[in-house]
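>>> Provide a 3D model corresponding to the input given below.
(chains A and B)
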Amino acid sequence: MPRRFPIGAIALRWSLISGFCVACLLLLAAFNRNAPTAQAAPLPGLHVRAIPAFARKYGLPCSACHTAWPELNNFGQVFRDNGYQLGNERDSPIWQNPSYFPITFRITPNWHRESTNNLAVDSIPGGGPGSTLVAGTVQQNGFDLSGMDLWSAGTLYKNISFVLLPSSDQNASWHFESAFVRFDNIKGSSWFNVKFGKFELDNLISEKRFLFLSGNGGLYQSYHYDVPGTINDFGYGDNQLGIEIAGHSRNSYTRYSVSVLSSNDGNPGFVSGFGTPANRGYDVNLAFSQAFNAGSLGLQRIGAFAYIGERPTYFETSTTPDGSGGTTTLQLVGLGNKPFYRAGVAGDFFLKKLELMPLFMYGHDNPYLGAGLSSQSALPPGAKAPAWAGGLLEGHYYVNTQNVFFARFERIDVSQQPFVNAGFPTDYGNVRAYSFGYRWYPIMFSRAGLALHSEYSIVKSNGFLPLSGDGSGLQIFSTANPVWSSSVMLGFDFDF
Amino acid sequence: MKTKIAFITMALGFSLVFAAALPSGLAQESHVGPLTGNASSGKPLYKRFCIGCHGPAGDGQGENAPWIDPKPRDFTAATFKCRSTPTGTLPTDDDLDNAVTRGFVTTNMPSWNPLTPQQRADLVAYIKTFSPRWKTDKPGIPIHIPAETPVTIQSVLHGRELFQKMECWKCHGPAGHGDGPSAATLTDSKDQPIRPYNFSTGSRFKCGQTNQDLYRIFMTGVDGTPMPSFADVIQPNDAWDLVHFLRTLQTMHTPELALWQKYSSEHASEIKPIGPDAASGGN
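Numbering: from 1, shown residues only, chains lettered A, B, ... in the order given. From the prediction side, this is the model:
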């Protein structure tokens, strides 16, 4: 008599647990209902990666490539490193079923609640006579949509792979999150692969494949942090434009990459992240990681990375009469480049079902970037090179392939403010972030994915608005006090 | 105090009942090199990686099986293609581990080399729980593979004679393209149509890629397919000659192919075609 997995019993047990978690999060969400409401706080675009198209192509369940989708396990990492090829002589498009089409979409209808304090709000709604700006907590909640990924990837030919990822925000404003062609296993060597286009940096801990989706938890603070006041638009978590040479051992235990990238944070059209003209410079990213087998504990990986870049401090301009007696100055090209760098170490450690991912990162900018001054001018007294140290510790507990608990703590400390004696507290710019959640995958097969996602996250940012979308556009009431911003999210995350 | 004793008693009772209720199959172990694999650890791995094709019961009836050709292995039959053991016997744990690690080229079974050795050993242990044969039979004794004979043109030509004489071409085709006159009629042990190996499709065979692997394949046979074992039919030296000839059928650059190309360019008129038109085989 063939044995079968007790699917029904497990599903019932975990649906009860997930229901309990959802109820707890709903209770959390009910707190602080007296806060004034404001415009709906946007949820950041997800930009996350899980590709059922590959599962459909190869007939493998989601769990073959993902610890819990979208995070990759080592089998998925090898598949990706090998140019989306399994190496079974069935990868080339010529072997594909003609009805197969390599398109995946992903979106997350959700209910979420966002709350941020220490914001400047009118004491009288509408700002009428007698109204003054006071410190207030802005809170909003309701049903919403995430952004959407429309993601295509695969092989154009044996050892030529591609990715095309148009991505939208929740209002269907589209951009190209990724678009590249990759030449794989050049000269028959897995150590030589070339990628050209827009792509994610070769992070050991990928923000594009992590499990967090909420407004405050849906980004790694360190990956997007710049000391407040600097004119550096760089975010390590942003996809970049350029060329990458990468290599890996057959099992991807050893990996390296060297990238040369445009100095504009991945924005197409020679434009920076601030919307100003880009410079003509190039940045470099280096990454290396090594995995080792720890027996029954699982696969352990450590790695290091460094990003060396430069950003403009002034612009070549064109000043012309505006027809009304004044002049209009157009910025043309970024000039006066000044350097910055980010460097760090990271790990991915398994203790059987528990996965721990620590990251330490150090950031350093040129004083001109910190002061926001043209390099043609002299630095004012007290101007310093802003520097910060950040890190995170993320943990996942995989109960089984269909249930995962996750949590994360992040910390960023500014070790050098852009100006000394500028009147800011010494901890100005520091960040603390806490997130935790639970995902339940009620189905696990090779056609599509569905997850019930529940998450709570809270961020404390000293003297400035948090990096998340929550509260953006609003004015902080007092830079002397921290801003607390929290998110509760419940949603159905699905892809096909 | 009474409550505590009652609780401990209940816990012990439940533990005993639970232990007794455990499927005995999950006590299965594998031994791969220095590693000991445990079926209980292999079960969640099987569910994560294998269940989609091989099915919850290991019978090859996973959700993707209808769309897969060739069909996924039925572990309940305990019949395995790639073995180091004689035909009809169970494979060794190393054989199963090699298959999981290597994958099967030109099929949907990928290489699971990215898994850790311990994970693969655990999977092997779990795979062995699907058939009672693993409790009653022992794996066969791996065949002995003698040292390879020198690669010479004489060896290649003799191998070519054997390819004709043993009628390998009837299935694999005169040029080794898997298009022999019997090819269309072949079925496996589950009556599924099966195609003979096409030697021109790549550098690897389903059961390995070295000359030793190729030698092993036709000395052990490919169980569950029409490919028999030739262990009782040919001598080791003849088997090596056949290996050397088969290498000339592949598209990759091999020493055997280089020898054959040189010979065939110089002796084109002496070479007789392989197949039904060849009166008595030979070159």
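
>>> hey, let's count contacts and neighbours off CA atoms from now on
Noted.

>>> hmm, which helix or strand of chain B has the shakiest average pLDDT?
The helix or strand of chain B with the poorest confidence is helix B:2-21; it has a mean of 52 (mean pLDDT, DSSP states H and E).

>>> may I have the helix or strand following it as CSV, with CA atoms only?
Using DSSP states H and E, the next helix or strand after helix B:2-21 towards the C-terminus is strand B:29-32. Provided in CSV are the C-alpha atoms of strand B:29-32 (Å, rounded to 0.1, in the frame of the first residue of the first chain):
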residue,chain,number,x,y,z
GLU,B,29,19.3,4.2,5.7
SER,B,30,21.7,4.7,2.9
HIS,B,31,25.5,4.6,3.0
VAL,B,32,27.2,6.8,0.5
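
>>> and strand B:29-32, does that touch chain A?
No - on the criterion CA under 8 Å from any CA of the partner chain, strand B:29-32 is out of touch with chain A, staying 13.2 Å away.

>>> which helices and strands does that strand pack with?
Applying 3 or more CA pairs under 8 Å, 6 or more residues apart in numbering or on different chains; DSSP states H and E, we find strand B:29-32 packed against strand B:35-38, helix B:93-102, helix B:117-127.

>>> how much space between the residue positioned nearest the centre of chain B and A:L145?
Closest to where the C-alpha atoms of chain B average out (CA atoms, centre = their mean) is B:C82, at 1.9 Å. Between B:C82 and A:L145 the distance is 51 Å, computed by CA to CA, to the nearest Å.

>>> got it, and B:W67?
B:W67 sits 35 Å away from A:L145, going by CA to CA.

>>> who has more neighbours, these two?
A:L145 (19 against 11; other CA atoms under 10 Å in any protein chain shown).

>>> count of residues packed around the closest residue to the more buried one other than its chain neighbours?
Spatial nearest neighbour of A:L145, chain neighbours left out: A:P109 (4.5 Å); criterion: CA to CA, 6 or more residues apart in numbering or on different chains. Look at A:P109: counted by other CA under 10 Å, it has 16 neighbours.

>>> next: A:N171.
Applying other CA under 10 Å, we find 10 residues neighbouring A:N171.

>>> not counting sequence-adjacent ones, nearest residue to it?
The shortest distance from A:N171 to any non-neighbouring residue, by CA to CA, 6+ apart, is to A:G147 (7.6 Å).

>>> thought the one you found was touching A:I107?
Yes - counting by CA atoms under 8 Å, A:G147 touches A:I107, with 6.2 Å between them.

>>> check what pLDDT residue 120 gets.
Because you didn't say which chain, this covers chain A. pLDDT recorded at A:A120 is 93.

>>> nope, chain B please
96.

>>> that one: what's it in contact with?
B:37, B:42, B:97, B:100-101, B:112 (CA atoms under 8 Å, 6 or more residues apart in numbering or on different chains).

>>> from those residues, which is closest to chain A?
Minimum distance to chain A across those is 7.3 Å, recorded for B:W112 (CA to the nearest CA).

>>> what are the pairing partners of the host helix or strand of A:Q300, and which direction each?
Here A:Q300 sits within strand A:299-311, counting by DSSP H and E. When pairing is defined by DSSP bridges, strand A:299-311 lines up against strand A:282-293 (antiparallel), strand A:338-351 (antiparallel).

>>> who wins for proximity to B:R247 among the ones you listed?
Nearest to B:R247, of all the strands paired with strand A:299-311, is strand A:282-293, at 36.1 Å by CA to CA.

>>> quick check: residues of the stretch 351-496 of chain A near chain B?
Within reach of chain B by CA under 8 Å from any CA, the stretch 351-496 of chain A has these residues: A:400-401, A:445-446.

>>> what's the farthest-apart pair in the residues you listed?
Among these, A:N400 and A:S446 lie farthest apart (CA to CA), at 17.0 Å.

>>> higher neighbour count, these two?
Neighbour totals were compared for A:N400 and A:S446, and A:S446 leads with 24 against 18 (other CA under 10 Å).

>>> wait, doesn't that one sit right on A:A55?
Yes - with contacts counted by CA under 8 Å, A:S446 reaches A:A55, the gap being 4.8 Å.

>>> joint contacts of those two?
Common contact partners of A:S446 and A:A55 (CA under 8 Å, 6+ apart): A:61-62.

>>> any figure for the gap between A:L72 and B:W134?
Taking CA to CA, one finds A:L72 at 34 Å from B:W134.

>>> so which of these two has more stuff around it?
A:L72 (23 against 16).

>>> ok, the residue nearest to that one when sequence neighbours are not counted - contacts?
Counting by CA to CA, 6+ apart, A:H66 is the residue found nearest to A:L72 once chain neighbours are left out, at 4.2 Å. By CA under 8 Å, 6+ apart, the contact set of A:H66 is A:72-73, A:76.

>>> for chain B, what's the nearest residue on the stretch 251-400 of chain A?
Taking CA to the nearest CA, the stretch 251-400 of chain A has A:N251 as its residue nearest chain B, at 4.9 Å.

>>> quick one: that residue from A:I302, how far?
15 Å.

>>> got the residues of the stretch 51-200 of chain A near chain B?
Within the stretch 51-200 of chain A, the positions lying close to chain B (CA under 8 Å from any CA) are A:58-61, A:63-64, A:74-75, A:78, A:86-90.

>>> same thing but at 10 Å, please
Residues of the stretch 51-200 of chain A found near chain B (CA under 10 Å from any CA of the partner chain) are A:56-67, A:73-79, A:85-91, A:95, A:97.

>>> just the buried ones from the residues you listed?
Buried members of those, counted by 16 or more other CA atoms under 10 Å in any protein chain shown: A:56-67, A:73-79, A:85-91.

>>> narrow the residues you listed to those in strands?
A:66-67 (DSSP state E).

>>> ok, A:G217 touching A:Y434?
Yes - using CA atoms under 10 Å, A:G217 is in contact with A:Y434, at 7.7 Å.

>>> from the centroid of chain A, which residue is nearest?
A:E207 (3.9 Å).

>>> backbone dihedrals for that residue, please?
Dihedral angles phi and psi of A:E207 (degrees, to the nearest 10) take the values phi -80, psi -20.

>>> tally of neighbours for A:Y223?
Other residues near A:Y223 number 18, with proximity taken as other CA under 10 Å.

>>> what about it, which SS state?
helix (DSSP: H, G, I helix; E, B strand; the rest coil).

>>> measure it to chain B for me?
Distance, A:Y223 to chain B, by CA to the nearest CA, to the nearest Å: 28 Å.

>>> between the two ends of stretch B:34-53, how far is it?
End-to-end distance for stretch B:34-53, by CA to CA: 29 Å.

>>> mind listing what's buried in that stretch?
Result for stretch B:34-53 [16+ other CA under 10 Å]: buried residues B:37-53.

>>> filter the residues you listed by proximity to chain A?
Among these, chain A is touched by B:37, B:41, B:43-53 when using CA under 10 Å from any CA.

>>> could you list the buried residues of stretch B:112-130?
Across stretch B:112-130, burial judged by 16+ other CA under 10 Å covers B:112-130.
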